[in-house]
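Engineer: got a structure for you, letters missing:
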């Protein structure tokens, strides 16, 4: 794993470097937001994971996250924050982070979060260049193409191996790993209502200790990307949770 840790506290970076080395990860460090964005911009497709401190000199974590997301909509980002404010944490998720860890944190906890997010992000990433080319030039509506989609309805297609989702033949683009997994979980059982707690257990590989606003922040971003290609298919069931329902999405 090639990892970029953006952290202005050098003591924290030095501590984590030892743990990253034990995992045999290729870890790189940036100590302010401007340096981090510059490093990422040089090779945006080479990074497997970003850990990002919220409080940074030069350019804060929110701005850095937004700039990184412009360069790579899908690279996994874990935000590190010493702030206790719910609004800061939710804003960080809305700005593109996939997860957050509150300081002070246990190095073992951060390692576990990184592994969990990386495991999700790499599902289906072993597809060949030939498969990529075939997917790029093919239209999902073709009858002989349906077999490659594990989730299919009249209006929706999803393929976990290629990490692609289509609504009415149009690709829902730039889904982060967590957004894709969230969409897949809901779409696998259309019209079934999932509580926030259930989604936390199914989509995230570790306990969030009831931090249900994480689900709401990801749902908000997922809906924005869905609405770029068609009508909304993620429905809120007030007082309960969320469900996938593409009935009438072709109208």
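Structural biologist: In hand now; what should we look at? The shown structure was predicted, so the numbers you read here are calculated from the model rather than taken from an experiment. Numbering: from 1, shown residues only.
Engineer: where along the stretch 101-250 of the chain do the strands fall?
Structural biologist: Applying DSSP state E, counting those that start in this stretch to the stretch 101-250 of the chain gives strands spanning 151-152, 156-159, 164-167, 170-171, 194-195, 234-237, 241-244.
Engineer: Now distance to residue 48 too, for those strands, in TSV please.
Structural biologist: C-betas here are computed from N, CA, C, even on glycine. As requested, the strands of the stretch 101-250 of the chain are exported to TSV (distance: least, C-beta to C-beta, whole Å):
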stretch	distance to residue 48
strand 151-152	26
strand 156-159	22
strand 164-167	20
strand 170-171	23
strand 194-195	29
strand 234-237	28
strand 241-244	29
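Engineer: Out of these, name the one with the poorest average pLDDT.
Structural biologist: Across these, strand 151-152 has the smallest mean pLDDT, namely a mean of 90.
Engineer: on contacts alone, who are the packing partners of that strand?
Structural biologist: When contacts are defined as 3 or more C-beta pairs under 8 Å, 6 or more residues apart in numbering; DSSP states H and E, strand 151-152 packs onto strand 156-159, helix 177-188.
Engineer: Show me how far it is from its chain's centre.
Structural biologist: 21 Å (C-alpha atoms, centre = their mean, to the nearest Å).
Engineer: Make TSV out of the strands of the stretch 101-250 of the chain and add mean neighbour count and distance to residue 92.
Structural biologist: As requested, the strands of the stretch 101-250 of the chain are exported to TSV (neighbours: other C-beta atoms under 10 Å; distance: least, C-beta to C-beta, whole Å):
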stretch	mean neighbour count	distance to residue 92
strand 151-152	17	30
strand 156-159	22	27
strand 164-167	22	24
strand 170-171	14	27
strand 194-195	18	23
strand 234-237	15	21
strand 241-244	21	21
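Engineer: Which among those strands is found nearest to residue 117?
Structural biologist: Residue 117 lies closest to strand 164-167 among these, at 19.2 Å (C-beta to C-beta).
Engineer: Give the partner strands of the closest one in its sheet and their orientations.
Structural biologist: Here strand 164-167 is paired, per DSSP bridges, with strand 156-159 (antiparallel), strand 170-171 (antiparallel).
Engineer: Which of the ones you listed sits closest to residue 4?
Structural biologist: Closest to residue 4 of the strands paired with strand 164-167 is strand 170-171 (C-beta to C-beta; 27.7 Å).
Engineer: what kind of secondary structure is residue 100 in?
Structural biologist: Secondary structure, DSSP: H, G, I helix; E, B strand; the rest coil: residue 100 is strand.
Engineer: ok, what's across the strand from it?
Structural biologist: Beta-bridge partners recorded for residue 100 (DSSP bridges): residue 79.
Engineer: still on that earlier bit, relative to residue 112, which of the strands of the stretch 101-250 of the chain is closest?
Structural biologist: Closest approach to residue 112 among the strands of the stretch 101-250 of the chain is made by strand 194-195 (24.0 Å; C-beta to C-beta).
Engineer: Alright, calling it a day.
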